[in-house]
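# How does the following fold in three dimensions:
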Amino acid sequence: MNQSNSFVKDPAQRYAAILDNLLEVTQNDPSVFTSLNTNHFYDFYKIFGREYFSALVRVSATSGAKIELPFIESNLSRIRKAAESIEEPSLMLELFKNNDLELSDNIKSQLFSNFENTKPKLIEKIRVDIQKSALKWKLLERKALSVLDETNIWPMHLGFLYVSVSIEEKKIYAPLFFHEVSIEFKNGRPFLIVHKNIKLNEKLVFILNNAGFNINITFDYSGMSIDQIIFRLSRDWNNVFPLPENIVSPFEKKNPDSINNKTIQFHTGMVLGIFLPGGGYSRKRMKEIIDNDEIDKIFNIDFLKSAYAKKLDKQIFTDKPKLFNITKTNFSQDRAILSSLIQDTVIWGPPGTGKSQTIVNLLANILFVGRTALVASQKKAALEVIRNRLQDLRMFCLCLLTSKDFSKRSFYEPLQAFIDYLEYFSEFKSLPAGGNQIIQEDELRWIELTKDINKSQSVEKILDTYRFLMSNCYKTFSSNVKESATCLSETGLNKTDYDTLRALAKNVEMPQSVSQSGTVDLTEFGPWKREFMRLNDKSNTFTRYTNPENFKHYRQLKKRAKEIENLLPRNYSGQISDFFIKTASVSYEQLEWVESISSRQPDYNRNELTEIENIKKMMTINTIKKITRFSAEDLQMYKEFAATIRLANMDPHKFIKNYGRIIKKIIPVVITTPDTDLSIWERGEFDYVILDESSQIFIEKGLPLLYLGKTKILSGDENQMRPTNWFGVRSSDDTIFGNVESLLDYALSLGVFKILLDKNYRANHASLMTFSSKHFYKSQLDVVDVAGANEQDAIEVIQVNGKWEDNRNIVEANKAIEILKENIEKYKKIILLSFNAKQGDYITNLIIQKYPDLEMAMRENRLMIRNLENIQGDEADLVVATVAYDKTAKIFSTYVGRTGGMNALNVAISRAKDKMIVIKTIKSTDISNNTNSTDTMIFRLWLEFLEKTDQERRDFVKIAINRGKNSVVSSYENNISDIVVNDIDKVTRNKTNVELIQNYSVGTLNIDLMVLVDKKPYKAYIFDDFSYVKNVNNFIEFKDKYKFLKSKNYDVKLVNIINWSIIKNNEMKWYEDSEILKFINSNYGANNFVRNDDDQEIELNLSDDFYNENSRDINELSKEWALYFNEDDKQEQNDETIVPEVIKKATKAKEDNVLRPTKKNSTKKNNKSTKDK
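Numbers count the residues shown, from 1 in each chain. Model (predicted):
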């Protein structure tokens, strides 16, 4: 239902803030008022001189010649020549003043007191400035690249044909046109590259037209020279707007007070600088939306917000549609994808939780079902990540992203590949549908089956019998439970034999103590018989068993024994009496029930991805079908469309306007930024509009994009950066539109359904994200150490005795450069983060002037210089942060201490993947604890966090979070825990470098059992206690935990009371010395991870040592016992008789946190004789 706007009847009043922000004129925006008072704007005439200026205005864009202008610093050269001819101090001062060159009071005094000696020094200084001028052009280039990364707009331009006018006390002094330029360095010498792109100042035209001036330029000026444009305008605007005949002259500097003319006046000159002249499209579209009263129709929100969650749950658990994902996902990402496909959704993605992967999978699903989408972000870098992760599917996307080289090649090459693939495609055959449900059918069946386990009264006894049989049959079973689902039959034990054995057991009673003092590992029945004979030699010890009277019916016993021998499972190695005891009350059908359950356990390692190639081919076939159904008119347009792509010479903006109809029909996805002209699309033409980093998009920039779609998806994080207003302040009022900072804030205020992505994949150390998890996400974010990570190295704090002076801290800056030099070759990517922009500029200047290796790293994007305002969307292996402030700084007035500063801090401290080094002068105690600013207080808490010890920072998150274990532990978990721990302990207790630790913390999650080798994670086990039987969500979360730990390189296994019997022998192999040595030699798994046991055939060949460790030798037979056996059963006896005994292994003393299961005492012997019943 649409929201009522009756509370404000006048749309002009209700949308006043939006309109004001659309029309806002600030003197800080150089596209509205140009000043030369910063290092980013220069008078073209003074830099290049009249000759180059005159040549430039005559060159047309169609000339084909590449225009390169050397920065000859003609103005400084002219000043130097003029200074050489001056002989009076006053004239020298006037020369420097007129050319904006400052002289200190001391130099001025020396000019008058000692002119002859001071003049050469000034001239020499000018020569040095000329030689060092390359520095300022490098800094200008860096600024342009920074803006490009932030906005996808190339900002370096030559502004010409300046307009001045005063509109309702707002002063305008701005260029009507811009010429795109860039800077290149050849052998260290800078050149200005003038590109063919001439564009209109959309901001200026929009403001002038809204003030009543009719600025309507309809002719195609793209191929004209500057002189030709001015001549054409002079002719078209004759007697309306007088234009200068020649603009080749110095730029006339003006201040706002000097502009009082109410009519438009044009001026000469040209300025090189950083301009953002776009935005005309979004302004026009937003005004259209307001005029048509469409704002409240963009989102259609129900009053009952619970309906959205119910609708999603119905899809997941009832309708169960398939998802066609191309990258791995977790449950929260799957929920976000499915919700986005069916309803307006906010994908709440904290740092590093996979927002871009989620969007990529969402786009794959949109493409698969034949829908269209518009993807936009204020950050070019975010869009490039999405485009690249689409891999081959990017050919179905029109990517309108700006590059530094301005070549049409970067625009047309993907389109050329697309039409070539279409037109030469020949694989017209059926393809597998693919796709996976969020909850698989076999998983649902498994959850139902586990209810039977919980209901069964005798399940413990049944499972104990099954485990006994499996553990005493030395056969290598596959590690895949499903492939080992017929273990009973593979041992040779069928139902008939099993039932016969149980019947025989009723007729033969075995003496418990004899069987228990015999071997555990007999592999044949013969040695069991020989054991009876050998015991005769020990008649003094075993008198009650060796009395011949007890064996007068031995012939019958022997017959029964032969029958038992023939019926036992192949390679049975256990005790005969145990077999009878264990199987007495368990039927074969009950054992088969166990196997039937084990065979139905879900495959948690299944491939849940859809082949990109299949989606690509299916999309291609569908596109070809569309083209073959084109009308004759559309088919002719397609031919021109394809020919224009192959020629690649039309301006991209013109190409889109000319061939919009074809683009809409065959290219389903458009990727761009908010300021791109999308006027060829109308309201609701896209099935989906996806806005990434929507917390950084102003509402008036985002609504025009959402207006174009049916279903709206906003990806972002309300705890991250707000939109950046590059040049001015914003208008606000008491309406919702005047109070919200971003489009994300607006959507959340309306109640758009929100899904949290709850797992951080970026940080390889939990401590890198623990502060943010606790203070920004209420400990809802899972953060886990990567396996084998050295946690002590995650955060390094360097406290220095610096000084905050002139908006910089020189001590910290020098230390930062020292650290960069030490680490530039150790890490693939490094970010130097400054909490203050001026500090970042100072470090950048130092690098360019003195450290060519670091400058080269900057050019190769191995080193990025960032500050709090522009770091969002970036990540690096190492982040080096310089806080810069000291105790004298007024933190509440700094960027981090002002409103929104806490969001910037959250972004800044969550960029590192491996390590963060923080250089700081200020201490937490330097900031008052009584501050009223939440932002300042969060900054103080972060400083306190840094000042903790390594262990305290690691434990920081554990204080508030422990979601790794259920609060109620079932008996099944206790049971399997004891079994697994004891089994592993038996084979590792003599290995001094192996430790077993329960409830092992890896961040916000616990691992039930971790086996460490030299303190490094080796094997991990999660115990399945079937606690999810009544809640499918619990099962999904359980599976999600397993998948998340796998993604963090833990070699983890899911173990329950059923599957351990099957996988145990395979698991024991990993604790052989040879396997542990392999792990150590592989740098503790770092060299050969990731291992997928399910993808390789694993053979378990147990060594003789393994048997002997658990067996008691039998070497001798007794003569008296030989009377009861046939001659063929007799063997020679050795002189030495070995008495079977239990050899207890020495157990080393381990640390308190290492598990040492207690060795159970040997079972007591009983006095009951064996007799024939």
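# Surely residue 626 is in a strand?
No - according to DSSP: H, G, I helix; E, B strand; the rest coil, residue 626 belongs to no strand; its state is helix.
# For it, give me its contacts.
665, 666 (C-beta atoms under 8 Å, 6 or more residues apart in numbering). Any C-beta I mention is one placed from the backbone N, CA and C, and that applies to glycine too.
# any idea how far it lies from residue 395?
15 Å (C-beta to C-beta, to the nearest Å).
# Residue 1053 and residue 1019 touch, don't they?
Yes - judged on C-beta atoms under 8 Å, residue 1053 makes contact with residue 1019 at a distance of 7.3 Å.
# what is in contact with these two at once?
residue 1067.
# secondary structure element for the residue lying closest to residue 326 once chain neighbours are set aside?
Among residues not flanking residue 326 along the chain, residue 364 sits closest, at 4.7 Å (C-beta to C-beta, 6 or more residues apart in numbering). With secondary structure defined by DSSP states H and E, residue 364 is part of helix 355-368.
# by contact count, what packs against the lengthiest strand in the chain?
For the chain, the longest strand by residue count, based on DSSP state E, is strand 170-186. Where contact means 3 or more C-beta pairs under 8 Å, 6 or more residues apart in numbering; DSSP states H and E, strand 170-186 is packed against helix 134-151, strand 156-167, strand 189-200, helix 202-210, helix 226-236, strand 265-274.
# let's go with 10 Å and repeat that
Under the contact definition 3 or more C-beta pairs under 10 Å, 6 or more residues apart in numbering; DSSP states H and E, strand 170-186 sits against helix 44-58, strand 67-70, helix 134-151, strand 156-167, strand 189-200, helix 202-210, helix 226-236, strand 265-274.
# Can you give me the buried ones in that strand?
Residues of strand 170-186 classed as buried: 170-183 (neighbour count, 16 or more other C-beta atoms under 10 Å).
# relative to helix 202-210, how tilted is it?
Strand 170-186 runs at 160 degrees relative to helix 202-210, counting by axes from the mean of the first three to the mean of the last three C-alpha atoms, to 10 degrees.
# which ones are touching the residue nearest to residue 326?
When contacts are counted by C-beta atoms under 10 Å, 6 or more residues apart in numbering, residue 364 touches 323-327, 337, 389-391, 393, 609-610, 612, 615.
# In the record's domain split, what are the boundaries for this structure?
As assigned by automatic domain parsing, the chain contains the domains 30-73+133-275, 442-450+460-603, 766-960, 971-1120.
# Which residues does the closest residue to residue 159 other than its chain neighbours form beta bridges with?
Spatial nearest neighbour of residue 159, chain neighbours left out: residue 175 (3.1 Å); criterion: C-beta to C-beta, 6+ apart. Beta-bridge partners of residue 175, counted by DSSP bridges, are residue 162.
# contacting residues around residue 175?
With C-beta under 10 Å, 6+ apart, residue 175 has these contacts: 30-31, 34, 157-163, 200-201, 204, 267, 269-271, 273, 275, 277.
# Generate a ChimeraX selection restricted to the buried entries among these.
Buried residues among the contacts of residue 175 (16+ other C-beta under 10 Å), as a ChimeraX selection:
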select :30,31,34,157,158,159,160,161,162,163,200,201,204,267,269,270,271,273,275,277
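# is it true that residue 216 touches residue 236?
Yes - counting by C-beta atoms under 10 Å, residue 216 touches residue 236, with 9.3 Å between them.
# Good, we can wrap up now.
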